[in-house]
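Trainee: Take a look and give me a structure for this.
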Amino acid sequence: IGPVVREYLGGEALAGLGVPTTRALAAVTTGQAVERTRPEPGGVLTRVARSHLRVGTFEYFHGRGDTEAVRLLADYALARHYPAQAESPAPYHGLLEAVTAATAELVADWLNIGFIHGVMNTDNLSLAGETLDFGPFGFLDAYDPHTAYSAIDVYGRYAYDQQPGIAQWNLARLAETLLPLLHRDPEIAAAQAQDILGGFAPRFQGAFHDRLRRRLGLAERREGDAELIGDLLQRMAAGGADWTLTFRLLSDADGADPERDGPVRALFQDPAAFDAWAVQWRRRLAAEGRGDAERRAAMRAVNPAYTLRNHLAQWAVDAATRALDFTPMERLLKVLADPFAEHPEEAEMARPPGEGERVRRTFCGT
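Mentor: All right, here's what the predicted structure looks like:
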């Protein structure tokens with residue numbers, strides 16, 4: 001039941017944050033023990049999705065040399081998920097383009113909220129652009145771009161900052177299965193696929209910067225924004241600043257008066273590092289001329305107070321596993337359904353973990 005609780009909470013947390021994801025329909029206990037490192041109560045999760053088509057589904061038939069099955073699968077994926085591309089003169093090119101774009105947007109969503117999937121193999125990448133197969137996932141506490149929680153990811157292959165590259169690698173595997181459908185000449189097909197895949201990086205970078213721009217209260221795209229964003233991230237990493245709280249507390253900072261920066265600057269080991277960046281941020285805010293109340297409201301709408309922090313997920317898992325107590329799970333679900341609002345009665349769930357609460361390794365459990 002422990003992994004069932006984790007996946008249930010993971011999907012609902014992403015849904016509350018507006019990230020495309022599969023959802024949990026039901027979680028049930030089986031009444032039977034499961035032999036893990038010790039006997040644990042069994043559970044079953046019923047999950048719903050737009051479909052469960054994955055890159056691995058295409059690889060299965062491609063690996064068997066069954067091009068006709070790949071064609072049938074591609075036609076089905078087009079009809080179900082991308083009907084506009086199905087009507088185009090080059091539908092299979094359109095399928096690869098659409099999946100590439102959807103994946104770029106999804107990974108930008110993940111990085112924007114500090115989500116680390118944990119096992120981004122091809123069988124865990126959805127054709128629908130939804131988060132699929134929550135295993136050893138986790139959310140950032142202190143920002144470190146090299147963070148990897150999965151106990152089996154000893155080399156950091158699926159670390160936070162590696163996710164865009166791994167997503168593009170997975171898409172290349174999808175492209176390989178589609179080559180016979182793109183063009184009868186393999187060299188031409190490969191060149192066409194490379195052109196399409198080349199759109200991933202700029203699409204991801206643009207989407208990620210757009211999301212972080214909104215988190216910083218910037219309504220317009222302007223030259224220098226990428227540098228402003230990158231500078232903040234570098235200072236957060238160097239200063240061990242909490243990912244979620246930095247943006248949330250920045251929402252309450254005054255656009256002109258640094259005297260109100262106390263809560264956010266205290267998140268940095270060297271508060272002066274934040275102060276230096278904040279000078280540039282306020283200068284950028286002033287260039288737009290937006291009212292401070294409007295800016296704060298806009299920031300609070302995209303900067304959550306709550307995420308599914310790893311120690312909270314573990315709290316719910318432990319209660320369910322040890323005593324079939326789902327009270328922590330239910331309390332978390334209530335907060336995660338509306339993570340941008342204040343929940344005074346559950347304010348403890350907004351704080352980072354204490355040193356003794358940190359969860360540094362997460363596990364697959366299905």
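Trainee: and whichever helix or strand residue 320 is part of, what does it pack onto?
Mentor: Take DSSP states H and E as the rule and residue 320 turns out to sit in helix 310-323. For helix 310-323, the elements it packs on are helix 2-16, strand 39-48, helix 327-336, judged by 3 or more Cβ pairs under 8 Å, 6 or more residues apart in numbering; DSSP states H and E. Glycine gets a C-beta too; all of them are placed from N, C-alpha and C.
Trainee: try 7 Å
Mentor: Here helix 310-323 touches helix 2-16, helix 327-336, going by 3 or more Cβ pairs under 7 Å, 6 or more residues apart in numbering; DSSP states H and E.
Trainee: Need the residues that contact the first one.
Mentor: By Cβ atoms under 7 Å, 6 or more residues apart in numbering, the residues outside helix 2-16 that reach it are 21-24, 27, 40, 43-45, 115, 131, 134, 137, 307-308, 313, 316-317, 320-321, 329, 332-333, 336-339, 365-366.
Trainee: Could I get the CA-only coordinates of the helix or strand just after it as PDB?
Mentor: Tracing the chain past helix 2-16, the next element assigned as helix or strand by DSSP H and E is strand 23-35. Only the C-alpha atoms of strand 23-35 are listed here, as PDB (Å, rounded to 0.1, in the frame of the first residue of the first chain):
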ATOM      1  CA  ARG A  23      -4.800  10.600 -12.100                       C
ATOM      2  CA  ALA A  24      -5.700   8.300  -9.300                       C
ATOM      3  CA  LEU A  25      -9.300   6.900  -9.500                       C
ATOM      4  CA  ALA A  26      -9.100   4.700  -6.500                       C
ATOM      5  CA  ALA A  27      -6.700   3.100  -4.000                       C
ATOM      6  CA  VAL A  28      -7.700  -0.100  -2.200                       C
ATOM      7  CA  THR A  29      -6.100  -2.500   0.200                       C
ATOM      8  CA  THR A  30      -6.000  -6.200  -0.800                       C
ATOM      9  CA  GLY A  31      -6.000  -7.800   2.600                       C
ATOM     10  CA  GLN A  32      -2.900  -9.700   1.600                       C
ATOM     11  CA  ALA A  33       0.700  -9.300   2.600                       C
ATOM     12  CA  VAL A  34       3.400  -8.500   0.000                       C
ATOM     13  CA  GLU A  35       6.900  -9.700   0.700                       C
END
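Trainee: list the buried ones in strand 23-35?
Mentor: Buried residues in strand 23-35, counted by 16 or more other Cβ atoms under 10 Å: 24, 27.
Trainee: How about stretch 327-345?
Mentor: For stretch 327-345, the neighbour count (16+ other Cβ under 10 Å) marks 328, 329, 331, 332, 333, 335, 336, 339, 340, 343 as buried.
Trainee: repeat for stretch 10-24
Mentor: 10-17, 19-22, 24.
Trainee: nearest residue to the residue nearest to the spatial centre of the chain other than its sequence neighbours?
Mentor: Residue closest to the average C-alpha location in the chain (Cα atoms, centre = their mean): residue 110, at 1.9 Å. Here the nearest residue to residue 110 in space, its sequence neighbours aside, is residue 163; by Cβ to Cβ, 6 or more residues apart in numbering that works out to 6.2 Å.
Trainee: just checking, what packs against whatever helix or strand that neighbour lives in?
Mentor: With elements taken from DSSP H and E, the one containing residue 163 is helix 163-182. Other helices and strands packing on helix 163-182, by 3+ Cβ pairs under 7 Å, 6+ apart, are helix 55-63, helix 67-81, helix 91-113, helix 186-197, helix 200-215.
Trainee: List of residues touching the last one?
Mentor: Read that as helix 200-215. Counting by Cβ under 7 Å, 6+ apart, helix 200-215 makes contact with 100-101, 104-105, 107-108, 111-112, 164, 168, 171, 221, 225-226, 229, 247, 299, 302-303, all of which sit outside it.
Trainee: Mark which of those are buried, thanks.
Mentor: Buried members of those, counted by 16+ other Cβ under 10 Å: 100-101, 104-105, 107-108, 111-112, 164, 168, 171, 225, 229, 247, 299, 302-303.
Trainee: Of the helices and strands packed on helix 163-182, which is nearest residue 120?
Mentor: Evaluated over the helices and strands packed on helix 163-182, closeness to residue 120 peaks at helix 91-113, with 9.0 Å, by Cβ to Cβ.
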